[in-house]
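Asker: I would like to see how this sequence folds:
(one chain, ligands or ions: 1)
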Amino acid sequence: MSAGEVSPILFVEHQTPYTSVTHRVRKVVYAGTTQYQRVELLDTYDFGLCLVLDGKLQSSAFDEWIYHEALVHPAMLTHPHPRRVAIIGGGEGATAREALKHSCVEEAVMVDLDREVVELARRRLRFMHRGALDHPKLKLVFMDGRKFLEEAEHGFDVIIVDVTDPLAGGPSYLLYTKEFYDLASSKLTEEGVLATQATSTTYSLECFASIAKTVASSFPIARAYKAWVPSYSSEWGFVIGSKRHDPAKLSAKTIAERLRRRGVKALKFYTARLHRQLFTHPKYLEKALKERGRLIKDDQPIYMPA
Ligand code: SAM
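Answerer: Sure, this is the predicted structure:
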């Protein structure tokens, strides 16, 4: 293809059965199927290199740091002194990268189901993990995240759930249920905090509201929050469950102090002043979080609309 010519390759991401987002692809860098999922590395014109699992864009070079900073830092800063962190999923290693920025962390365990995805990330997504996959404080475990927590004996201060969206027949839908959040809560210390990605506030509002309701059924404090992620063409939802401290009550002063004391550097999205705004919702979203969604159970799972 000569310079200026545009490749005919299109990546079509279905958000619902009626709405899809199309990315024009310069080059398919990798495409394959592991024991658990279909994996693609797509070099796209507008968002650079993207990791796609089972047809869902996971992260892009253009803006992965928005999602990963939004997922990690509010929970890490809600805990006054997180020492042991569990990351469930997190295949690219970017969640681990962000958690390990907190100097108080003594040990992080990253539990991903799919060794092939992590090894591919180690080789081809260095700009995302930036060596975090080989960090001396990080222990890598390859197994189902729920089974790991069932077998884990000691408590974690923070559990970050960074798994794929709940897809029918996919590997992660049982990590969005009441049984899972009750299990996670039992593996957290008494000031423990859980954060989970909670899908799109636009295309899967029912799913987002249900995850928020279900976390709230397992934790005394539960807060839904969101951040716009350009490569997802959507505002993205997250939920924190906390056993003692309310993330939405943290002052910018306390956050700034904790960031400084822990030596958290190289942030591109999250700030002490932005924190509260993440938890401040427009009226329609407040209403939807109150009135929509249902309890997600193992025998009544929830799936993405597409
Ligand atoms: N940033 C992405 C997003 O937008 O949500 C997710 C990060 S990462 C690519 C998702 C990871 O979840 C994948 O590496 C996948 O292997 C892992 N995963 C899916 N189901 C899992 C399970 N049951 N236990 C552990 N890891 C799982």
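Asker: Off-centre distance for stretch 214-224?
Answerer: 17 Å (Cα atoms, centre = their mean, to the nearest Å).
Asker: Just the terminal-to-terminal distance for that stretch.
Answerer: End-to-end distance of stretch 214-224: 11 Å, with Cα to Cα, to the nearest Å as the criterion.
Asker: again with stretch 10-28
Answerer: 10 Å.
Asker: Contacts for that stretch next, please.
Answerer: 6-7, 9, 40-47, 50, 52, 55-57, 200, 202-204, 233-234, 305-306 (Cβ atoms under 8 Å, 6 or more residues apart in numbering). Just so you know, the C-beta spots here come from the backbone N, C-alpha and C atoms, and that holds for glycine as well.
Asker: same thing but at 7 Å, please
Answerer: Contacts to stretch 10-28, defined as Cβ atoms under 7 Å, 6 or more residues apart in numbering, come from residues 6-7, 9, 40, 42-47, 52, 55-57, 200, 203, 233, 305-306.
Asker: Can it be said to contact the ligand?
Answerer: No - residues of stretch 10-28 contacting the ligand under Cβ under 6 Å from any ligand atom: none, with a closest distance of 11.6 Å.
Asker: Please name the nearest non-neighbouring residue to the residue of the chain found nearest the ligand.
Answerer: Using Cβ to the nearest ligand atom, the closest approach of the chain to the ligand is made by Gly91 at 2.3 Å. With sequence-adjacent residues excluded and distances taken as Cβ to Cβ, 6 or more residues apart in numbering, Gly91 is closest to Val117, at 4.3 Å.
Asker: that older thread, tell me how many other residues surround the residue of the chain closest to the ligand.
Answerer: 33 (other Cβ atoms under 10 Å).
Asker: So it sits against Val118, correct?
Answerer: Yes - between Gly91 and Val118 there is a contact under Cβ atoms under 7 Å: 5.3 Å.
Asker: joint contacts of those two?
Answerer: Asp112.
Asker: got a pLDDT number for Ala306?
Answerer: pLDDT for Ala306: 86.
Asker: Get me the contact residues on the stretch 51-200 of the chain for the ligand.
Answerer: Going by Cβ under 6 Å from any ligand atom, the residues of the stretch 51-200 of the chain near the ligand are 51, 53, 58-59, 67, 88-92, 111-114, 117, 144-145, 162-164, 171-172, 175, 197.
Asker: still on that earlier bit, the residue of the chain closest to the ligand: what's it in contact with?
Answerer: So Gly91 contacts 112, 114, 117-118, 121 (Cβ under 7 Å, 6+ apart).
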